[in-house]
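*Asks:* 3D, please:
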Amino acid sequence: MSKAVGIDLGTTYSLIATMQGSEPVIIPVAEGGRHLPSAVALTKGGERVVGDLAKRQAVLNHENTVHGIKRLMGCRYSEKTVDTDVKRLLYNVVEGDEDNIKVIMGGRSYAPQEISAMILRRLRMDAEAYLGERVTDAVITVPAYFNDSQRQATKDAGTIAGFNVLRICSEPTAAALAYGLHKEEGRVIAVYDLGGGTFDLCILEAGGGSFRVKATNGDTHLGGSDFDDRIVKWMCDAFQKESGVDLRQDKMALQRVRDAAEKAKHELSSLEETEVNLPYIISDNSGPKHLVMPVAREQIERLVADLITETLNCCQRALVDARLRPEQVDEVLLVGGCTRMPKVQEEVRKFFGSEPRRGIDPDEAVALGAAIYAGMLSGEVTDIALMDVTPLTLGVRTVGNVATPIIPRSTVIPTSQSRSFSTATDMQRSIEILVYQGESKIFDANRLLGCFNLNNLPPEPAGSVKVEVNFAIDENGILNVSAINKNTGTAREITIKASSGLEEATLIRMAQDLESRENAYAVLRQADKLLKAFEERASTGLGEKLEQQTLVLKEAMQGEDINAIWTGLHDLAETAAKIEPLVEKNSNGNGNKKANGKLSG
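*Replies:* Coordinates of the predicted model:
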C-alpha cells in the first residue's frame, strides 16, 4: 500500500504532509520551502510551471498566470461572486453555458479542476521525491462551508492529478486534529479559519478520542484576497487622486500593486507602519510615475473592519445552530494566514471572551491534520473517530417556488429524515421531486442537486394523495432520496451524486492530458540540455534528428491530440537515450584531459 498523505489545497498556498511514526510532518517542496504557491503559469517559452516560478513571473506574464483558482472550484459562471473573482484575479474567462467556467492560459481553456490538478500533481511529485516511494492515497481538505459541487470538484482535481482520494475533509476539523484536542474530554472547540480565499467557523465537541462537529458556518468568498482588494483600491484611489492615472486600467501595474498590498498586509502584522515603494509603476505623456506611500496598520484595520465583522456574524450563526453562547466555548483555535493580523486576534478575543490558541503555525495546521486523517483511513492511526455534519440545508421544492427543508444544516451524518406532502391540484397524476441544497427560502436561489418524478398517482382531489419523501445521507455524504405514494405504496428513488460538471470520460481525458504534458515537458528539458552539450551532432545526424523531433513534440502540444503528444515524446525520448551516452563520454573525456593536464603541470 502506498504512503497516504494529507493535502491542504489552499487559495494562496498549498501544503502536503504525511505521518512519520506517530507525528504528522510537512513535506518540503522542491524549492526547499514548506509552502507551495497555488499558482500555475505558461512561460514565454511554452513550458508549464507551478509554485514559486509561476508566482515570480506573474507581473510580466499575467495573461498566462492563474492563481486563486480555489474560489472558482465547483462554481457556476452565473453566480454573482464569480465575476468579482475573475476581475480580481485578472483571468480571461470563456462563458460557455451557465454551468461552466473556463480559464484561458496559453491559448487553451482549462476547467478550474484541471488547474488545481496541476498544483496537486506538483505536490505529489515533491512528496514522491522526498519519501522515495510512489504516493497515490490522499485526504484533501476543503472549507467546511463548501457545497457538494465544490467538494466534488476538489475530489475530481485529485483524481485528475493521479490521487486515490480517500476522503474530502473539512479544514477546521483537520486543524482540530492537528492540535490533538480529541484527547481532551468534554471540550467544546471553535475553529476560526480565515485563509486566503475562504472563511469557516466550525464548532466541535471533543472527547474520548472522537470529534463531533456540532455546527459550521462561513463564506467561501471571504478571505485574505478580499482584504487585499480593499488595500489595492485604497492605493489606486490615492494614486489616481495625486496623478490623475488609474492603475486599474493597466493589468501589469495592477498586479504589482496587488503584490505590494499583500506584502504590506503581512508586514503590518508585526509593524505599526510600512512603506509601499513601486518605482516606474506606469508612464504617460509626462513621463514615468512612481507609487510611494506610507501604510499604517490602523489604516488597514479601518479598511477591512466590515470584513472582520462579517466573520463574526458567521461565528454567531454557527453558535445559534449549535445552541451555544460564546462563553460556553472552551477553546478557540486560529487557523489561516489572515489570523496573524492583530485586529483579527483582538476581535475574536472580544467575541468569545477568551484568548485564542495559536500553538501551531496557522498556515500548516490544516495540512498536518489532514495527514492524521489520512493515517486514520490507512490504518496508521487508530485512536480517533470523526463525526461530521452536512454544511448546508437539504430539501425539496413545494408550491410557490418555496424551498422546504428536510435535513437542516449542521445535522450529524449519517442520518435519515422524512417529511410528508400531498398533491397540490385536483386530479394530479404525477409529482416532480426537485432536490436542493442551500439556505434561501426561495427555491431558485439555492443549488439544484437532482430531480425525479413519482408517476401514476390516482386521480383524486387536491390534498387526497399523500407522499412521503425520505432523505438519507451516508458517512461519505452520498444523498439518497426516495418518495413513496402512501395511498398505493408506489415508490421511486434517486441517488444524488455530487457533480462538478465533469463527466467520467472527461476526467479520464484530463488525467491523461495532464500526465502526457508533464512527461513531455520533462523530455523537452532533457533534449534541450543534450543539444547544448552534444558536440558530435553534425557528424552523427542525431543532433538534427533531436532538433526535428523537438519541434514535432512542441507542435503536438499546441493541440488536443493526446496520442500525438505520447508519440512525439516517445520518439524524442528514444533519440535522447541514444545521445546521452555520447554526451557523457565527451564530458568524461574532457574531464580526464583537464585532470591530466593539471597533474603534468
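*Asks:* mind listing what residue 362 touches?
*Replies:* Taking C-beta atoms under 8 Å, 6 or more residues apart in numbering as the criterion, residue 362 is in contact with 334-337, 339-340. Every C-beta, even on glycine, is put in place using the N, C-alpha and C of the backbone.
*Asks:* quick one: which of those is nearest residue 357?
*Replies:* residue 334 (7.1 Å; C-beta to C-beta).
*Asks:* among the contacts of residue 362, who's most crowded?
*Replies:* In terms of neighbours by other C-beta atoms under 10 Å, the contacts of residue 362 top out with residue 335 at 31 neighbours.
*Asks:* who's it bridged to?
*Replies:* On the basis of DSSP bridges, residue 335 is bridged to residue 193.
*Asks:* just checking, it touches residue 364?
*Replies:* No. Contact criterion C-beta atoms under 8 Å: residue 335 and residue 364 do not qualify, at 9.5 Å.
*Asks:* who's in contact with the helix or strand containing residue 310?
*Replies:* Element membership for residue 310 (DSSP states H and E) is helix 305-322. Helix 305-322 is contacted by residues 190, 192, 194, 199-203, 214-219, 222, 226-227, 230, 325-326, 329, 343-344, 347-348, 351-352, 409-410 when judged by C-beta under 8 Å, 6+ apart.
*Asks:* give me that answer again for 6 Å
*Replies:* Residues outside helix 305-322 that contact it (C-beta atoms under 6 Å, 6 or more residues apart in numbering) are 199, 201, 203, 214-215, 217-218, 226, 344, 347, 351, 410.
*Asks:* which one of these sits closest to residue 379?
*Replies:* residue 214 (27.9 Å).
*Asks:* how about the contacts made by that closest one?
*Replies:* Residue 214 neighbours (C-beta under 6 Å, 6+ apart): 203, 205, 322.
*Asks:* so what does residue 39 look like in phi/psi?
*Replies:* phi -130, psi 140 (degrees, to the nearest 10).
*Asks:* pretty sure it contacts residue 67?
*Replies:* Yes. Using C-beta atoms under 6 Å, residue 39 is in contact with residue 67, at 4.1 Å.
*Asks:* which one of the two is surrounded by more residues?
*Replies:* Each of residue 39 and residue 67 has its neighbours counted (other C-beta under 10 Å); residue 39 has more, 26 against 23.
*Asks:* return the residues in contact with that one.
*Replies:* Listed by C-beta under 6 Å, 6+ apart, the contact partners of residue 39 are 54-55, 67.
*Asks:* and if you look at residue 5?
*Replies:* When contacts are taken as C-beta under 6 Å, 6+ apart, residue 5 is in contact with 16, 18, 127, 135, 138, 374.
*Asks:* in a strand, it, correct?
*Replies:* Yes. Assigned with DSSP: H, G, I helix; E, B strand; the rest coil, residue 5 falls within a strand.
*Asks:* quick revisit: in a markdown table: the contacts of residue 214, plus pLDDT, distance to residue 157 and neighbour count.
*Replies:* Shown next, in a markdown table, are these (pLDDT from 0 to 100; distance: C-beta to C-beta, whole Å; neighbours: other C-beta atoms under 10 Å):
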| residue | pLDDT | distance to residue 157 | neighbour count |
| --- | --- | --- | --- |
| 203 | 94 | 28 | 26 |
| 205 | 88 | 31 | 17 |
| 322 | 93 | 31 | 23 |
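*Asks:* now do the helices in the stretch 301-450 of the chain.
*Replies:* Shown for the stretch 301-450 of the chain, the helices assigned by DSSP state H, counting those that start in this stretch span residues 305-322, 342-352, 365-378.
*Asks:* which one of those lies nearest to residue 63?
*Replies:* Of these, nearest to residue 63 by C-beta to C-beta is helix 305-322, at 29.0 Å.
*Asks:* just the angle for the closest one relative to helix 342-352, thanks.
*Replies:* 30 degrees (axes from the mean of the first three to the mean of the last three C-alpha atoms, to 10 degrees).
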